[in-house]
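**Student:** sharing a model prediction with you, sequence too.
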Amino acid sequence: MKKLQAFSLMTLLAAALLGWLMGPAGEKRLEDINLYVFVPSRATPEVAVIDTRSDRVVTVLKLGHTPDQVLVSEAAHRLIASHVGNKSISIVNPDTGETEKVIMLAIRPERMVLSPEGWLVAARDMTAGSVSVLSLQRQSQLAQVDGFKEPYGLTFSNDSLYIADRGTGKVSTIALAQGKVIGEIAVADPAQAATKGDQANRSYGISELTHTPNGRLGFCALRGGRDLAVIDLTEERKTKTLAVGRDPSRPWGTADGRLMMVANNRDRTISVIDTGALEVVATLPGAADITAINTGWFESVAFIISRSENKAVVLDLMKLKKVGEIPLLSGPGPGVVTPDGKKLYVALRGSNRVAVIDTRERKLTSMISGVGHEPSDATMARSNNYCH
């Protein structure tokens, strides 16, 4: 009888725990949001949620609109989904799938970034020349800053938000406490585009700004040119210009801050920069149409994701050489690496799957289905690849 009572008690406790984990009406509770990869659909109002322990879809969140971009905040335990056409940003509870708040804006949130601590969101509208800063605590807009020409890149660092303006070739500093521009750093002169040789007829402007993990240095490529600008963010001035390949795209850094990498689009190469010496230490084979450069396995390896060539080029960052390629089915978007640096997830838009790559073995280990139609831009609350 005592055994039966003990068994019944254990059963009740297990049922109670399951109910807490599943939430109301059997809904899935994401007890540790850092364990999940979120994959929005470009065709339907859904976000697939993958458990990195099993590499399976554990739930699909239904949104009120098809998201243009999704961010995940660990601090707020919330999803942030943009709707460009409706000029709004939605805050979603990932446990229940409920949209808690729709924040209406005066601008089109074409691109969003999340602050490192996870409580602020910045969004930009290049056409309007405006940037909005939102608080997830207040679930409201804190400030709208106007007067930019073509605000392209958004980068949080310390207590500031940096705006890379393609129209002016400058990086502007917004003080978050004041909600206004307090400084500008001249990076490039757009009027000099005609002096860039065979790049004269191509688009010319600065890329997104990527900073080192300590927030001291920023790196900004000159699109359509051959240069990479190094910026001292503490002193707010350009300190050096490095020669890279033709038509460089945005820089990507290692999580330890040791290296910065730039994909040179026209050369199909990767320039590797030592952030200590501030010198290009290697030029390695790359690919065309790079969506991301993801690093992993103790920052010893980089994966160059090519959308048009449907592959990941693998670079050994210790030996500074190309060591292989990983074929991907179709339309790979930007990848995301787990916090421990062991797995890379890449949404494959054309095949409705997510590829899983073992960063230590440097090989494709599985394909996850059930991620919705036209999955794109897999993301996590916390990643081995630090916020840029």
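**Tutor:** Happy to help now that I have it. Everything quoted here is computed from the prediction, not taken from an experiment.

**Student:** next secondary structure after the helix or strand bottoming out on mean pLDDT in the chain?
**Tutor:** Using mean pLDDT, DSSP states H and E, helix 2-22 stands out as the lowest-scoring helix or strand of the chain, at a mean of 42. For helix 2-22, the following helix or strand on the C-terminal side (DSSP states H and E) is strand 36-40.

**Student:** what sits up against that next one?
**Tutor:** With contact meaning CB atoms under 8 Å, 6 or more residues apart in numbering, strand 36-40 is reached by 30, 46-52, 58, 67, 69-70, 72, 79, 81, 94, 336, 345, 347, 354, 371-372, 375-381. To be clear about C-beta, it is placed using only N, CA and C from the backbone, and glycine gets the same treatment.

**Student:** before we move on, what about stretch 353-367?
**Tutor:** Stretch 353-367 is contacted from outside by 37, 39, 48, 50, 55, 296-297, 301, 303, 312, 314, 323-324, 326-329, 332, 335, 337, 341-348, 368-369, 371, 375, 378, using CB under 8 Å, 6+ apart.

**Student:** list the buried residues in that stretch.
**Tutor:** Along stretch 353-367, these residues count as buried under the neighbour rule (16 or more other CB atoms under 10 Å): 353-357, 359, 362, 364.

**Student:** can I get these in JSON lines with secondary structure?
**Tutor:** Listed next are those as JSON lines, based on DSSP: H, G, I helix; E, B strand; the rest coil:
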{"residue": "353", "secondary structure": "strand"}
{"residue": "354", "secondary structure": "strand"}
{"residue": "355", "secondary structure": "strand"}
{"residue": "356", "secondary structure": "strand"}
{"residue": "357", "secondary structure": "strand"}
{"residue": "359", "secondary structure": "coil"}
{"residue": "362", "secondary structure": "coil"}
{"residue": "364", "secondary structure": "strand"}
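
**Student:** from those, which two are the most distant?
**Tutor:** Across the buried residues of stretch 353-367, no pair lies farther apart than 353 and 362, at 19.7 Å, counting by CB to CB.

**Student:** among the contacts of strand 36-40, which ones are buried?
**Tutor:** Here, 16+ other CB under 10 Å leaves 30, 46-50, 52, 67, 69-70, 72, 79, 81, 94, 336, 345, 347, 354, 371-372, 375-381 buried among the contacts of strand 36-40.

**Student:** count of neighbours near residue 264?
**Tutor:** Residue 264: 21 surrounding residues under other CB atoms under 10 Å.

**Student:** brain fart, residue 374
**Tutor:** 19.

**Student:** who touches it in this structure?
**Tutor:** 41-43, 349, 352.

**Student:** how about a cut-off of 6 Å?
**Tutor:** 41-43, 349 (CB atoms under 6 Å, 6 or more residues apart in numbering).
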